[in-house]
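Asker: fold the following for me, if possible:
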Amino acid sequence: MINKQKLFKYLSSQNLMSIATWDKKLWTATVYYVIDNKFNFYFLSEPGTMHCQNIAKSAQVACTITHSSQKVTVKKIGVQLRGKASVVNNLQKMRWMLALWNKINPGFEKIITLQNIENKVIKSKIYQIEPEVIKFFNEELYGPEGFEIFKF
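Answerer: Next up is the predicted model:
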């Protein structure tokens with residue numbers, strides 16, 4: 001349980017995630033994300049983007065999260081995960097996500113709002129990734145090239 005809390009703390013300290021999607025070919029994208037206490041990831045994106053078009057056809061995604069300024073000489077930390085992505089339509093969840101997203105990613109609070117999404121002022125939708133597996137690389141916690149796998 002302690003290591004799962006450390007995983008959550010790490011994931012909450014980051015805000016960028018690379019996401020891989022699939023239709024007939026692979027595609028990757030980088031998104032700003034937030035996470036809830038059940039380890040669900042949320043991001044905003046326009047449905048017309050390649051990764052969202054792929055999600056509409058296949059919910060399976062793979063993602064990576066790491067701090068890109070890590071030096072090769074320091075103890076590595078990062079995450080790989082696999083899960084299912086979907087559009088969020090629950091208003092309560094949407095409000096929560098947008099409040100947290102705007103707090104962590106300030107500067108667009110007046111633009112990225114539920115009202116602007118509902119009124120189609122912005123094209124973005126909220127997506128949720130429910131993880132199936134999270135692999136937590138953490139050499140400080142698990143030793144050289146060490147990791148732990150969490151299943152959901």
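Asker: and residue 64, what pLDDT?
Answerer: In this model, residue 64 is scored at 98, pLDDT.
Asker: so it is in which element?
Answerer: Taking DSSP states H and E as the criterion, residue 64 maps to strand 60-66.
Asker: what's whatever helix or strand comes next after that strand packed up against?
Answerer: Remark: after strand 60-66, the chain's next helix or strand is strand 77-87, criterion DSSP H and E. Judged by 3 or more C-beta pairs under 8 Å, 6 or more residues apart in numbering; DSSP states H and E, strand 77-87 is in contact with helix 2-13, strand 60-66, strand 125-138. Every C-beta, even on glycine, is put in place using the N, C-alpha and C of the backbone.
Asker: quick one: the lengthiest helix in the chain to strand 125-138, angle?
Answerer: The helix spanning the most residues in the chain, taking DSSP state H as the definition, is helix 91-104. Using axes from the mean of the first three to the mean of the last three C-alpha atoms, to 10 degrees, the direction of helix 91-104 lies 60 degrees away from that of strand 125-138.
Asker: these two touch, right, residue 80 and residue 135?
Answerer: Yes - counting by C-beta atoms under 8 Å, residue 135 is a contact partner of residue 80 at 4.5 Å.
Asker: how near is the residue in the chain sticking out farthest from the centre to residue 139?
Answerer: Relative to the centre of the chain, the most outlying C-alpha is that of residue 73, 26.7 Å out, by C-alpha atoms, centre = their mean. Distance of residue 73 to residue 139, given as C-beta to C-beta, to the nearest Å: 12 Å.
Asker: any idea which helix or strand carries residue 43?
Answerer: Under the criterion of DSSP H and E, residue 43 resides in strand 41-45.
Asker: sorry, back to before: got a pLDDT number for the residue farthest from the centre of the chain?
Answerer: pLDDT at residue 73 comes out at 88.
Asker: got the contact list for it?
Answerer: By C-beta atoms under 8 Å, 6 or more residues apart in numbering, the contact set of residue 73 is empty.
Asker: wait, residue 130 touches residue 35, no?
Answerer: No - using C-beta under 8 Å, residue 130 is not in contact with residue 35; the gap is 11.5 Å.
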